[in-house]
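Trainee: Okay, predicted coordinates and the sequence, questions at the end:
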Amino acid sequence: MLNELLVLSRSLAARGIVPQKWHSSIKTFKKGPAIAAELDERGLIARISYLSVEEVARLRNIAPDKQNSFPGFNLNCPLLAVPGDVRWNDAGALQDMMLAATPDSPLAYQKKDIGRLARLLGDFPQKEIAPRLQGASPKLQSTLAVLHRLTTAKPEPQAFLCSVCAAVAAAMQAGRISKDLAVAILCGKPNKKDQRLEAWAITLILDVADLDQFEYRVADPAVPREWSAALLQSEVGRTAAAGAVPFVCALSGLPDSPVGDKMPEPNLKILGPTYLMSMNKDTPCQTRYGRTSTDIFAVGRDSVRSLNNAILHVTEPGRKGITWTGVPNGFKKNPDLLITYLEEEPDSGVPLAGLFPDAEEEPDPAMAAATYEARTASIHDALLRLERPGRDMHVRVIALSQIDKGRKQVVFSGRYSTKAIYQGRTNWLAGTRNVPTIAMPFPVAKGKPAEWRSHYQPSPAEVMVSFKQQWLRSSSGTTQKRQARKEAALASHPVPGVSLGCIYAVFLDPEASSQAQSLLERYLSTTETLLAALARSLTGGPNLAESARKEALIVISVYGILLLRQGRTKEIYMESRDYLLGQFLQMADLLHKLYCIDVRDGKIPPQLIGNAAISMAMQRPTRAIEVLSNRMTVYLAWAERFDGKDAGLAKWTRKELGRLATRLKNEDLNARVGPNGKAELLLGYLANTKETEN
């Protein structure tokens, strides 16, 4: 990760972009609401106020490690011990208990929690924070006042918790916080499933009560920048006092000071707290040449801070969709963080991240029905406008993934010229069109005819999600419900997908033929059942659920993309043996269906003869033709003498079967059907023949 971030940092510096300098101890709060404990001049809690999720998201905290933080910390809840005779869902009794609480009421805190709270209110802010936050800036004054008031009051943990209880009850009565939140803080969160009051934690932020005496309160988004500047300045003073030690950063090659025992841990979007580099000294395999942790790589403090500032800059909330977004992980449910930027112009407003949209989130309603081509057209045009004669431009793409709770790492890193981006998008879209017309109906509104859709253009993210599904015939209890709705008994099951690099290789790398072939083989095994069920539904069988039809549109496009990356254009493969075999199966189904309509009074079996022969055709084409020929004898004879309503269609179908049989006679039907052949067979089986019929 360090090398990728070094390139980003240098790109920003080359453009004169100076990201906000954050000290490594400045962290964002966990997502969620918070309460502010406002201290009066004596250091006692004057009142409790509420901070919304949106307000907390803009604030920061001083947290050098997971045990210490200021001015905010996790307040373990519940605060009060609830008597056994009070039911978990008796809101009235719980509120009465809260209002009747006194300083002598028993607390729910354990001894270890009391000790932790004593440290957070005493030793840590007084010994570690107060000496380092110095200055006359108006933005620091409220923080300095809180530190002074803590020093004056020297609050005991039990007394502090009792004060919080009283202040929360008063805030509830005054309407500053809701009754539900007050109950959750003092008594625990009601858990309906387990029928109990559940322990949890809320963020508590220490602030000043006399807000009119200060230009900025502690819980102000502008204040943390001043903390960071003061902490950085204090380290300069410490280094000077200790005496300079010659040190050259192995990352930048510049004079610096050692980074210390721990790397910065920025709180990144999607991934959460993320060490820029971490090696656990207690794990033997993470020791190299007798060294571990930060000792294995002699990086400098200033260099690492510039990397930390750079990644925080490009992942700011306002740059979502421009330089960062979420992309599906090939193997896990949680998405990965994708960072992408223009190397020569990292401050560009071109939403490059939109080239890899996040399929995990709800789309913009205005773009919900738009294809990938429509969604990315403006990005393509904006990038073109930045081109200058004689200047090469490059796009950096970095994907970060959570390996486990404590580790995140780079799972993909690439550098592509803008020409490769243009060509990749063009090839991708050409691949989605590299299939015959295969239309399927989608309901529009009650009483209106269905809308027929084909040639959908999925994004790389949608393809990633598609690789994580295995389509199988369902044997669960939901089959009866599907049959009641006349839907096919079909279900998707989660399976391990493919890595992000595999999809991006197909999207961006000029040479990806072997990669495309292996991906197609993998994809066929999970999607054959879906397309076979689609064919049954199009010939009068049970309908597919709308979600399955949408997925089928993606699957068909992926087949086209992977075939094109191997040089198999539709002009070539539509003349191949396997495509013709698929057409033969389709005509066999049509003849069988027409026969059933006439002879069996419209009673069409769940599976027609062509559909039943798909698996056999993919394994042994010769055997499939033999079986179909024997079964079709009676249908062919019927078509020859039939003179009813669909006689023209029946005779045309018989003629098409003869034409295809003649062409297949000249093919080697004993040859193996490879992955490409299986995909081409399925496409031939599904391809619309309406124009030919007309």
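Mentor: Done, it's in. Numbers count the residues shown, from 1 in each chain.
Trainee: Pull out the buried residues from stretch 401-420.
Mentor: 401-402, 408, 411-414, 416, 418, 420 (16 or more other C-beta atoms under 10 Å). (Each C-beta comes from the backbone N, C-alpha and C, glycine too.)
Trainee: Which of these fall in strands?
Mentor: Cross-referencing the buried residues of stretch 401-420 against strands under DSSP state E gives 401-402, 408, 411-414, 416.
Trainee: ok so, going back, how about the buried residues of stretch 401-420 in a markdown table, adding pLDDT?
Mentor: Converted to a markdown table, the buried residues of stretch 401-420 look like this (pLDDT from 0 to 100):
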| residue | pLDDT |
| --- | --- |
| 401 | 91 |
| 402 | 88 |
| 408 | 85 |
| 411 | 88 |
| 412 | 89 |
| 413 | 90 |
| 414 | 90 |
| 416 | 90 |
| 418 | 90 |
| 420 | 90 |
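Trainee: Determine which two of the residues you listed are furthest apart.
Mentor: Maximum pairwise distance among the buried residues of stretch 401-420 (C-beta to C-beta): 30.5 Å, between 402 and 418.
Trainee: what helix or strand is residue 471 on?
Mentor: strand 469-473 (DSSP states H and E).
Trainee: Tell me how far that strand lies from the chain's centre.
Mentor: 22 Å (C-alpha atoms, centre = their mean, to the nearest Å).
Trainee: Could you list the buried residues of it?
Mentor: For strand 469-473, by 16+ other C-beta under 10 Å, it's 469-471.
Trainee: do the same with stretch 646-664
Mentor: 650, 652-654, 656-657, 660, 664.
Trainee: do stretch 321-330 as well
Mentor: In stretch 321-330, counting by 16+ other C-beta under 10 Å, buried: 322-330.
Trainee: can you pull the contacts of residue 423?
Mentor: residue 510 (C-beta atoms under 8 Å, 6 or more residues apart in numbering).
Trainee: Could you tell me how far it is located from residue 39?
Mentor: 62 Å (C-beta to C-beta, to the nearest Å).
Trainee: and what of residue 599?
Mentor: In this view, residue 599 and residue 39 are 90 Å apart by C-beta to C-beta.
Trainee: same check, this time on residue 466
Mentor: Taken as C-beta to C-beta, the span from residue 466 to residue 39 is 55 Å.
Trainee: With neighbour numbers in mind, choose between the two.
Mentor: Comparing residue 466 with residue 39 by other C-beta atoms under 10 Å, the one with more neighbours is residue 39, at 26 against 21.
Trainee: right, and the more buried one touches residue 204 too?
Mentor: No - using C-beta atoms under 8 Å, residue 39 is not in contact with residue 204, being 11.8 Å away.
Trainee: domain assignment for the protein?
Mentor: 2-22+244-315, 31-232, 430-566, 577-693 (automatic domain parsing).
Trainee: Compare those and give me the one nearest residue 384.
Mentor: Residue 384 lies closest to domain 430-566 among these, at 17.1 Å (C-beta to C-beta).
Trainee: what about that closest one, average pLDDT?
Mentor: Averaged across domain 430-566, pLDDT comes to 86.
Trainee: Quote the end-to-end distance of it.
Mentor: Domain 430-566 has an end-to-end distance of 13 Å (criterion: C-alpha to C-alpha, to the nearest Å).
Trainee: and the residue nearest to residue 329 when sequence neighbours are not counted, what does it touch?
Mentor: Distances taken as C-beta to C-beta, 6 or more residues apart in numbering put residue 336 closest to residue 329, at 5.0 Å, once the chain neighbours are dropped. Residue 336 makes contact with 270-271, 326-329, 399-402, 411, 500 under the criterion C-beta under 8 Å, 6+ apart.
Trainee: just residue 512 next, same as before
Mentor: Residue 512 neighbours (C-beta under 8 Å, 6+ apart): 505-506, 565.
Trainee: Who are the contact partners of the closest residue to residue 62 other than its chain neighbours?
Mentor: Leaving aside its sequence neighbours, residue 62 sits nearest to residue 70 (C-beta to C-beta, 6+ apart; 5.0 Å). Shown in contact with residue 70 (C-beta under 8 Å, 6+ apart): 61-63, 120, 124-125, 129, 206.
Trainee: Let's see that with 10 Å instead.
Mentor: 25, 61-64, 120-121, 124-126, 128-130, 133, 143, 146-147, 150, 205-206, 218, 227 (C-beta atoms under 10 Å, 6 or more residues apart in numbering).
Trainee: Return a PyMOL selection command for the buried portion of those residues.
Mentor: In PyMOL, this line selects whichever of the contacts of residue 70 come out buried by 16+ other C-beta under 10 Å:
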select buried, resi 25+61+62+63+64+120+121+124+125+126+129+130+133+143+146+147+150+205+206+218+227
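Trainee: So which of the contacts of residue 70 belong to strands?
Mentor: 61-62, 205-206.
Trainee: From those, pick the one nearest residue 88.
Mentor: Of the ones in strands among the contacts of residue 70, the one sitting nearest to residue 88 (C-beta to C-beta) turns out to be residue 205, at 28.7 Å.
Trainee: Residue 432 is in contact with residue 564, correct?
Mentor: Yes - Residue 564 is within contact range of residue 432, at 9.1 Å (criterion: C-beta atoms under 10 Å).
Trainee: thinking again about what came up before, looking at the buried residues of stretch 401-420, spot the one nearest residue 572.
Mentor: residue 420 (25.0 Å).
Trainee: The nearest residue to that closest one once chain neighbours are set aside: neighbour count?
Mentor: Using C-beta to C-beta, 6+ apart and skipping residues adjacent in sequence, the residue nearest residue 420 is residue 508, 5.8 Å away. Residue 508 has 22 neighbours, counted by other C-beta under 10 Å.
Trainee: which residues touch residue 508?
Mentor: 355, 395, 397, 414, 416-417, 420-421, 423-425, 427-428, 460.
Trainee: just residue 31 next, same as before
Mentor: 53, 56-57, 203, 267, 272.
Trainee: Please repeat the previous calculation with a cut-off of 7 Å.
Mentor: Residue 31 is in contact with residue 53, counting by C-beta atoms under 7 Å, 6 or more residues apart in numbering.
Trainee: picking that back up, what about the buried residues of stretch 646-664, which are in helices?
Mentor: Using DSSP state H, 650, 652-654, 656-657, 660, 664 are the members of those that sit in helices.
Trainee: Pipe those into JSON lines and attach pLDDT and distance to residue 529 per row.
Mentor: Putting those into JSON lines (pLDDT from 0 to 100; distance: C-beta to C-beta, whole Å) gives the following:
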{"residue": "650", "pLDDT": "91", "distance to residue 529": "30"}
{"residue": "652", "pLDDT": "92", "distance to residue 529": "30"}
{"residue": "653", "pLDDT": "91", "distance to residue 529": "26"}
{"residue": "654", "pLDDT": "91", "distance to residue 529": "30"}
{"residue": "656", "pLDDT": "91", "distance to residue 529": "27"}
{"residue": "657", "pLDDT": "92", "distance to residue 529": "26"}
{"residue": "660", "pLDDT": "92", "distance to residue 529": "25"}
{"residue": "664", "pLDDT": "91", "distance to residue 529": "25"}
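Trainee: Which member of those is positioned nearest residue 609?
Mentor: residue 657 (11.7 Å).
Trainee: So the closest one is in contact with residue 589, correct?
Mentor: No - Residue 657 lies out of contact with residue 589 (C-beta atoms under 7 Å); the separation is 10.9 Å.
Trainee: Now for residue 607, how many residues are close by?
Mentor: Going by other C-beta under 10 Å, the residues that sit close to residue 607 add up to 17.
Trainee: Which secondary structure state does it sit in?
Mentor: The three-state label given to residue 607 by DSSP: H, G, I helix; E, B strand; the rest coil is coil.
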